[in-house]
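J.: Okay, here's the prediction I keep looking at, along with the sequence it came from:
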Amino acid sequence: MITPPSIEILRFNTCGSVDDGKSTLIGRLLYDSKNLMEDQLDALERSADLTGGGQINLANVTDGLRAEREQGITIDVAYRYFATPRRRFIVADTPGHVQYTRNMVTGASTANLSIVLVDARQGVTEQTRRHSCIAALLGIPHIVFAVNKMDLVNWSEQRFWEIRADIEAFLPKLDAFRDVKFIPISALHGDNVVDPSPHMPWYEGPTLLRHLETVHIASDWNLTALRFPVQWVNRPHRPTDPRLHDFRGFSGQLAGGIVRVGQPVLVLPSGWKTRVREIWTPAGIEPEAFCPQSITLVLEHDLDISRGDMIVAPDALPGMGQEVAARLCWMHPRPLSPGRKFLLKHTTQTVQAVVTHLDHRLDIASFEPEPAPAELHLNDIGEVRVHTAKPLIYDGYTSNRLTGSFILIEPGTNATVAAGMLRPPTEPARLEYTDFVI
Amino acid sequence: MSPSYHLDHLQYLESEAIHVLREVAAEFERPCILFSGGKDSICLLRLAEKAFRPSPIPMPLLNIDTGHHFPELNEFRDRRARELGARLIVRTVEEAIARGIAVPTPGEISRNRLQIPTLLAAIEEFRFDACVGGARRDEEKARAKERFFSFRDAFGQWDPRNQRPEVWNLYNTRVNPGEHMRVFPLSNWTELDVWEYIRRENLEVPRIYFSHPRLCVRRQGQWMPVTDLLPPRPGEEVRELRVRVRTIGDIISTGMIESPADTVDDIIAEIAAARVTERGSRADDKSGEAAMEDRKKLGYF
């Protein structure tokens, strides 16, 4: 049996205004990297005959729902998968209309990289600024500005540099990305998407696919501070194996850091200290595990730990508190006003919460805060303060996307109404029983 | 040697799927796993074993038997459930028709549509609040818009225009009584991932995935298995071929592909070089560009 080489997954999302050619770009990536199959091409050709006057429309690869094909728009996040010998890719195709910001937040929340499409004829628009801003807010480490439709500006190097300069002028205000790339492309004709463009010899950088294949993503997870939200308590009922009679494990996905057997750990909010006795990983019992592995921990002491508790390293404490500040993307047509109560889901804990203050609404095109708005509306992003019925054990979103994020759920309808990104805690967790050692 | 702290693609997908399965166990009162014995649900079951070990899988398995299943598949399903010591619940379309829950239209041979009311009746009977399935987003265009936790109303319907946003790994699992959730831990897996995982985990799959001799009839550009349910019509081309299945539906709607692949390695090589998608051999998906979307809205798997 041949052992296949280790292949990583890169998750990216594409954003741009309507007609910037997002779907065409994804269609092109799939088509030129030979990830479209004959029956998909047949289906494309069938729909080309029906609606496209015989021209294959690469956008139809991703616009899956009937309403989308009929209206020529993308109404929801569509996920696509393709592979090259170097990497696997998960693509979130997120629509660009103003009213669908929530979908972009959805697609961007799990992305390593964002591709922001800019129409070379239009240059930087309000949408470009909005998309850059959302990618920045969501803490996406890598961003690519793909200047599309270069064919319609005669492959002009000067035009490309003008647009690049306009973008570089506003990027410092966002102060977010570790890594920024500018690539001139034509999604329609395939230039610099998979194959280098014969029309733009002045561009010496990688093609888009080449960049996606090689961008360094290994350090995108937080491996510095151990965070283990307890998801499920593993206690075998009536085990047939007598050795399992007293088994008590704590299952969950590591949200940060590395955990090792023998390591001292702290359980929050109780403050109990203990050590790691065993680590069950999907591959078996191992001496260590790291974020984002799903594991089960067995601890030295028999402690009453339940879902929603967090196991952390004693030398890297998270914040803990019932008053938190956060950036909120409001995702529901019913506006948010101060005083409304919700269920807040953070890591594996769901608690009651009330939004006490709306401090700012962010104008995501000008990046300027508008103080003390009366309400947040669908697709607004604002700074809020939240009071929770139980303490949250958390980090600032900028240091950990998994322990720094939450959603708000509307009681009754159970709708997910907001995505929240926590501000860094003002002080670390203070333990009630600091010298409580078992 | 300094260890490398990164997950390869299968480890990443495994970790994500286990997280989803544990979220189901922690947040639902009466979940079940849809287990057909097909390759996707075989992976799903392995992931469930890993998610909960050393405890047994804390939910029953459910299968809707259309009566048109490949016999090899049902044999495998029953054996696998026995080996795991899992509780397997089977509800049949036959029985649903007899009880008037599922009503065939005159002349309707396919059991595809009739699975829907049968499944919904089983969900009602056992008051399941979550059904975990092995569907993947890469299978079909309408599935590409599906969430990990896909909300279904009291009629079991999917409303693609009104889905809950799903951000980070925070899943909104809340349902009111009578509503339920369909959960898809393999959402981000591709067909190739599934086979690579089967290889890595050394999982057994039903024999019909491997090359075997079978009498087939040529119909609408596909080789269909000849059975009592699908006898050749006069004038049709019938041949004994070395074939296998790539995706398993009902025996009357599953095209066989000619293939010499008789190991998992062969299958992986074949898929990597394949020029048609997996569901290209499913007659039930070809009835229109929106065939899957329409069935899903009504409560299909």
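T.: That came in fine, so what should we check first?

J.: Wait, residue A:417 touches residue A:410, no?
T.: Yes - with contacts counted by CB atoms under 8 Å, residue A:417 reaches residue A:410, the gap being 4.9 Å. Where you see a C-beta, it was placed from the backbone N, CA and C, and this is true even at glycine.

J.: of these two, who's got more company?
T.: Between residue A:417 and residue A:410, counted using other CB atoms under 10 Å in any protein chain shown, the more crowded position is residue A:417 (27 against 18).

J.: still on that earlier bit, quick check: neighbours shared by residue A:417 and residue A:410?
T.: Residues touching both residue A:417 and residue A:410 by CB atoms under 8 Å, 6 or more residues apart in numbering or on different chains: A:332, A:334, A:342.

J.: how about the residues of the stretch 1-150 of chain B that lie near chain A?
T.: B:3-9, B:11-16, B:18-19, B:22-23, B:25-26, B:50-56, B:137-138, B:141-142, B:144-145 (CB under 8 Å from any CB of the partner chain).

J.: same thing but at 7 Å, please
T.: B:5-9, B:12, B:14-15, B:18-19, B:22-23, B:25-26, B:50, B:52, B:54-55, B:137-138, B:141-142, B:144-145 (CB under 7 Å from any CB of the partner chain).

J.: For the residue in the stretch 251-400 of chain A positioned nearest to chain B, which residues count as its bridge partners?
T.: The stretch 251-400 of chain A approaches chain B most closely through residue A:294 (3.9 Å), counting by CB to the nearest CB. Counting by DSSP bridges, residue A:294 is bridged to residue A:253.

J.: which residues does it contact?
T.: Counting by CB atoms under 7 Å, 6 or more residues apart in numbering or on different chains, residue A:294 touches A:253, A:282, B:15, B:18, B:19.

J.: thinking residue A:202 is in contact with residue A:157, fair?
T.: Yes - in this structure residue A:202 lies within contact range of residue A:157 using CB atoms under 7 Å: 4.5 Å.

J.: show me where pLDDT drops low in chain A?
T.: A:1-5, A:18, A:38-39, A:41-76, A:95-100, A:239, A:432-438 (pLDDT under 70).

J.: Beyond the longest helix seen in it, next helix or strand please.
T.: Secondary structure assigned by DSSP state H gives helix A:157-174 as the longest helix of chain A. Downstream of helix A:157-174, the next assigned helix or strand under DSSP states H and E is strand A:179-184.

J.: Tell me the buried residues within the residues of the stretch 1-150 of chain B next to chain A.
T.: The neighbour-count criterion (16 or more other CB atoms under 10 Å in any protein chain shown) marks B:5-9, B:12, B:14-15, B:18-19, B:22-23, B:25-26, B:50, B:52, B:55, B:137-138, B:141-142, B:144-145 among the residues of the stretch 1-150 of chain B next to chain A as buried.

J.: what are the phi and psi angles of residue 268?
T.: No chain in the question, so chain A it is. phi -110, psi 150 (degrees, to the nearest 10).

J.: That was the other one, I meant chain B.
T.: phi -60, psi -40.

J.: My guess is it contacts residue B:196. True?
T.: Yes - judged on CB under 7 Å, residue B:268 makes contact with residue B:196 at a distance of 6.4 Å.

J.: So between these two, which is more surrounded?
T.: Higher neighbour count among residue B:268 and residue B:196: residue B:196, with 22 against 19, using other CB under 10 Å.

J.: Can you name the residues of the stretch 301-438 of chain A that neighbour chain B?
T.: A:307, A:331, A:345, A:401-402, A:405-407, A:409, A:414-416, A:419.

J.: now, which of the residues you listed lie within strands?
T.: Members of those lying in strands (criterion: DSSP state E): A:345, A:405, A:406, A:407, A:409, A:416, A:419.

J.: Most widely separated two among these?
T.: A:405 and A:409 (13.9 Å; CB to CB).

J.: Check which helix or strand the residue in chain B that chain A sits nearest to maps to.
T.: Per CB to the nearest CB, residue B:141 is where chain B lies closest to chain A, at 3.3 Å. When elements are assigned from DSSP H and E, residue B:141 belongs to no helix and no strand.

J.: Pull the residues that contact the strand or helix carrying residue A:250.
T.: Using DSSP H and E, residue A:250 sits within strand A:249-253. Strand A:249-253 is contacted from outside by A:228-234, A:280, A:292, A:294, A:296-298, A:305, A:311, A:348, B:15, B:19, B:22, B:169, using CB under 7 Å, 6+ apart.

J.: which residues of the stretch 51-200 of chain B fall in strands?
T.: Applying DSSP state E, counting those that start in this stretch to the stretch 51-200 of chain B gives strands spanning B:61-65, B:88-92, B:130-132, B:149-152, B:180-183.

J.: Just name the most buried of these.
T.: strand B:130-132 (a mean of 27; mean count of other CB atoms under 10 Å in any protein chain shown).

J.: And the helices in chain B?
T.: B:9-27, B:39-52, B:71-84, B:93-98, B:115-126, B:191-201, B:264-273, B:291-298.

J.: quick one: contacts for residue 205?
T.: Let's take chain A. Contacts of residue A:205 by CB under 7 Å, 6+ apart are residue A:183.

J.: my question was about chain B
T.: B:39, B:42, B:198.

J.: Tell me how far the last one lies from residue B:49.
T.: Shown here: residue B:198 relative to residue B:49, a distance of 14 Å by CB to CB, to the nearest Å.

J.: between those two, who's got more neighbours?
T.: Legend: neighbour count by other CB under 10 Å for residue B:198 and residue B:49, higher for residue B:198 (20 against 16).

J.: And the residues of the stretch 301-438 of chain A next to chain B, which two are furthest apart?
T.: Among these, A:307 and A:331 lie farthest apart (CB to CB), at 25.3 Å.

J.: These two: who's more crowded?
T.: Set residue A:307 next to residue A:331 and count neighbours by other CB under 10 Å: residue A:331 wins out with 24 against 19.

J.: Grab the nearest non-local neighbour of that one.
T.: residue A:102 (4.0 Å; CB to CB, 6 or more residues apart in numbering or on different chains).
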